[in-house]
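[1] 3D, please:
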Amino acid sequence: MILSLIKILQELLNPFSQEYPESLMSSLSYGHAMLIRFNKKGDHLAAGLFDGVVIIWDLLTNGVSRVLKGHTRPIQSVCWSIEGRYLLSAARDWRCVLWDLKDGSRIKTIRFNAPIWGAELHPFNREIFVASLLEDVPILTDISRGDIQKHVLPTVPKRPLKEGAEEGEIDEKLASQDTKQFTLVCTFNSTGNYIYSGTTKGWLNIISSTSFEIVYSCRLTNSNIKQIRLSPTGKTLVINSTDRIIRTLSVVDDPENLNDSLIEVEHKFQDVINRFQWNACAFNCSGEYVMASTYQSAHVIYIWDRNTGSLVKILEGPKEEFIDIDWHPVYPLIAAAGLETGTIYIWSVPQTEGWSAFAPDFTELEENVLYEEREDEFDIVPEESKKNIINNKDDDDVDITTIDNVQSTIGSTHIEGFLLPVLFDSDYTSSSETDNQKKNKNLKKLENSKNNPKRKRNN
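    Numbering: from 1, shown residues only. This next block holds a predicted model:
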């Protein structure tokens, strides 16, 4: 179970350690990254580049695991499947591509009739995803039956009926205003039964993924809702809008029985003094903290505590605007993509070394000390040595190449774990160089040829 594995890893962490990062530790550079997303286990990071390439980073080695080339325009969104084998990418070339990361192949390419704002996979079905289009209606796409089935989702909000009004009676003025708005962002709830969508006029719509109808609508602001993120627990939404306010909103499992008194904004996070716009927002791994990156001049990341509603940390980085951010699903680690250079910056908590593995009684040591053994401690007794030789099966072959499938269950759904295999391909490794690196190599060759005129004469 992937979610249970994440919980186990979280329990193994020091309970007294800090829950949010403090300092900038490292960076990843390959092309110009526009957006980033961790997978559910947190061992890989997907980055969408400006030239339409998708990069998969291995966070254990800080190396490139996959280079996915299937788009011709900048990447708008990337979304992992729950087991981490499949990835959905959407770009400005009006196409969505579903990738199989086992070999880096394309499973399906779906073209739409408008540029794509973003796309997200169903939490338990990789063959269903929802896409929000530029100045067009959102579309739920299903490729499970072989062909491509597109279902149009509504944008016009479901307004509550006035007192004395019959069902079907709608104010003509309000109806004309509602038709002039578009959906900017869509995301599934934790079960995949409903879709949360945000419009250009600040409406939050909850749409059924089976009937394709709006079951509930509420207006949060008068400005654009440009980002919606779901907490790891699936019970809270964080909403980023152009009115310079980050909102957190509690959600329920059955939105069909909602009313205006049951849904309320939990917190409103903003910088009252500077009035910053926010580029991106996200939850931490437990959902107790919310972070957001500032627009233009500040070059910082704000972190708020949801329990108290107060600002707990401001992460300072290089003098570069952060266009997208994401929080690691297990550890207190934050990744951010720089707007000017496309570099991915990593913030984390500095780790202190513990020497418990070297202590005989497995107690924590502050430093490594030289152990003085007894004179007869390592003497070999002949009878015991014979027994050890018999018990030790030194001649047995050990299989170190086969990867066993990790079976897991999430609730009542059976999920098969996935480990990303290493591709030993010379063409693949050589293609992992960026265009800038290739240009620099060519420039160096030209400079060397100019500085060594003897080579030209010999040639």
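
[2] my guess is residue 21 is in a helix, correct?
    No: using DSSP: H, G, I helix; E, B strand; the rest coil, the assignment for residue 21 is coil, not a helix.

[3] Could you pull up the residues touching it?
    Applying C-beta atoms under 8 Å, 6 or more residues apart in numbering to residue 21 gives the contacts 315, 332, 333, 334, 347, 348, 349. Every C-beta, even on glycine, is put in place using the N, C-alpha and C of the backbone.

[4] Try it again at 10 Å.
    284, 291, 301, 303, 313, 315, 327-328, 331-334, 346-350 (C-beta atoms under 10 Å, 6 or more residues apart in numbering).

[5] again, but for residue 288
    19, 20, 231, 233, 236, 304, 305, 306, 307.

[6] for the closest residue to the fourth one other than its chain neighbours, what are its contacts?
    Sequence neighbours aside, residue 287 is the residue nearest to residue 233 in space, at 5.0 Å (criterion: C-beta to C-beta, 6 or more residues apart in numbering). With contacts taken as C-beta under 10 Å, 6+ apart, residue 287 has the following neighbours: 230, 231, 232, 233, 234, 235, 236, 238, 248, 306, 327.

[7] What are the buried residues along stretch 301-315?
    301, 302, 303, 304, 305, 306, 313, 315 (16 or more other C-beta atoms under 10 Å).

[8] I'd say the fourth one and residue 282 touch.
    Okay, so that is residue 304. No: judged on C-beta atoms under 10 Å, residue 304 makes no contact with residue 282 at a distance of 11.7 Å.

[9] tell me, what's touching the two both at once?
    289, 290, 291, 292.

[10] With respect to residue 72, which of those residues is nearest?
    residue 292 (31.2 Å; C-beta to C-beta).

[11] of all the contacts of residue 287, which comes closest to residue 83?
    For those, the nearest to residue 83 is residue 232 (16.2 Å; C-beta to C-beta).

[12] per-residue confidence at that closest one?
    You'll see residue 232 listed with a pLDDT of 91.

[13] cool, residue 420 as well?
    According to the model, residue 420 scores 85 on pLDDT.

[14] And for residue 352?
    pLDDT at residue 352 comes out at 68.

[15] Spatially nearest residue to residue 229, not counting backbone neighbours?
    Residue 229's closest residue in space is residue 238 (C-beta to C-beta, 6+ apart), at 4.9 Å.

[16] give me every residue that touches the one you found.
    Contacts of residue 238 (C-beta under 10 Å, 6+ apart): 227-231, 246-249, 266-267, 269, 281-283, 287, 290-292, 306.

[17] how about a cut-off of 6 Å?
    229, 248, 281, 290 (C-beta atoms under 6 Å, 6 or more residues apart in numbering).

[18] Can you name the residues bridging to it?
    Beta-bridge pairing for residue 238 (DSSP bridges): residue 229, residue 248.

[19] Poorly predicted segments of the stretch 251-400 of the chain, please.
    254-262, 352-366, 380-396 (pLDDT under 70).

[20] show me where it has strands.
    265-269, 278-283, 289-294, 300-305, 311-316, 322-327, 333-338, 344-348 (DSSP state E, counting those that start in this stretch).

[21] cool, the stretch 51-200 of the chain as well?
    53-58, 63-69, 75-80, 86-91, 95-100, 105-111, 116-121, 128-133, 139-142, 149-152, 183-188, 194-199.

[22] Kindly reformat these as JSON lines containing mean neighbour count.
    Shown next, in JSON lines, are the strands of the stretch 51-200 of the chain (neighbours: other C-beta atoms under 10 Å):
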{"stretch": "strand 53-58", "mean neighbour count": "22"}
{"stretch": "strand 63-69", "mean neighbour count": "19"}
{"stretch": "strand 75-80", "mean neighbour count": "24"}
{"stretch": "strand 86-91", "mean neighbour count": "25"}
{"stretch": "strand 95-100", "mean neighbour count": "22"}
{"stretch": "strand 105-111", "mean neighbour count": "13"}
{"stretch": "strand 116-121", "mean neighbour count": "23"}
{"stretch": "strand 128-133", "mean neighbour count": "24"}
{"stretch": "strand 139-142", "mean neighbour count": "20"}
{"stretch": "strand 149-152", "mean neighbour count": "12"}
{"stretch": "strand 183-188", "mean neighbour count": "24"}
{"stretch": "strand 194-199", "mean neighbour count": "24"}
